[in-house]
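*Asks:* Sequence and predicted model, in that order:
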Amino acid sequence: MRSLSTRVLEKGPCYDGTPLAPHWIYRSTGILGDALVAWEAPADVRIDEMVDLEDVRANAPIASPSMVHFLGEWFIDSLDLAIGYQLMLVVTVKEALEARGAGPLRRRGNDLYFDERKVSVSIATRSPVSVLLHLGVNVRTEGTPVPTAGLAEWNIKPAAFAADVLQRFDAELAGWHKARVKVIPR
């Protein structure tokens with residue numbers, strides 16, 4: 001069974017796309033190995049730092065005055081599995097938000113929406129040594145480049161929300177791994 005380290009960081013950088021890099025979590029936190037961390041900070045991702053080619057082609061920068069950022073790294077060589085983790089994290093975020101009275105939310109692919117306003121952004125990619133994912137959930141939304149909704153309008157505390165999501169995701173991942181090892185092969 002794979003071990004995942006999780007942590008809510010007291011302080012993290014403005015998310016500009018550069019943390020979506022191998023060993024960023026280890027260099028920034030000392031956590032070595034598979035990890036998922038979260039922090040609250042602004043987002044300002046320029047086109048030249050984006051890995052989502054659809055956003056690049058659409059010239060759609062990402063910016064928010066405050067987001068909860070989830071950054072994960074797994075030392076595996078499967079982008080398909082990373083996309084599965086990304087989807088599982090998006091669903092976990094949706095459930096945690098709805099449990100706190102947000103919504104109703106709608107998932108379109110790996111993004112969440114409330115009343116046609118975007119709540120989250122996410123991407124999964126791979127590096128030479130790992131797969132990485134980022135998911136950002138808006139906290140405040142003034143000045144965003146597209147219509148958005150965020151935690152502030154639902155009076156959701158970012159740090160408690162982040163801790164809940166990490167705990168829920170870790171439990172889901174443990175259940176996934178248990179399901180894989182508990183069966184008798186045929």
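*Replies:* Now that the structure is in, tell me what you want to look at. Numbering: from 1, shown residues only.
*Asks:* Report the buried residues of the lengthiest strand in the chain.
*Replies:* For the chain, the strand with the greatest residue count under DSSP state E is strand 62-74. Buried positions in strand 62-74, judged by neighbour count with 16 or more other C-beta atoms under 10 Å: 62-74. Where you see a C-beta, it was placed from the backbone N, CA and C, and this is true even at glycine.
*Asks:* which residues pair with the residue nearest in space to the middle of the chain across the strands?
*Replies:* In the chain, the centroid-proximal residue (C-alpha atoms, centre = their mean) is Leu135; its distance is 2.3 Å. Beta-bridge partners for Leu135, by DSSP bridges, are Phe70, Ser122.
*Asks:* Verify the contact between it and Leu112 for me.
*Replies:* No. Shown here, Leu135 and Leu112 do not form a contact pair, counting by C-beta atoms under 8 Å, at 9.3 Å.
*Asks:* what's the overlap in contacts for the two?
*Replies:* 90, 93, 120 (C-beta atoms under 8 Å, 6 or more residues apart in numbering).
*Asks:* who's in contact with the helix or strand where the second one lies?
*Replies:* What that stands for is Val93. Element membership for Val93 (DSSP states H and E) is helix 79-99. Helix 79-99 has contacts (C-beta under 8 Å, 6+ apart) with 36, 70, 72, 74, 76, 103-105, 107, 110-112, 119-120, 122-126, 131-133, 135, 137, 151, 154, 156, 161, 164-165, 168-169, 172-173, 176.
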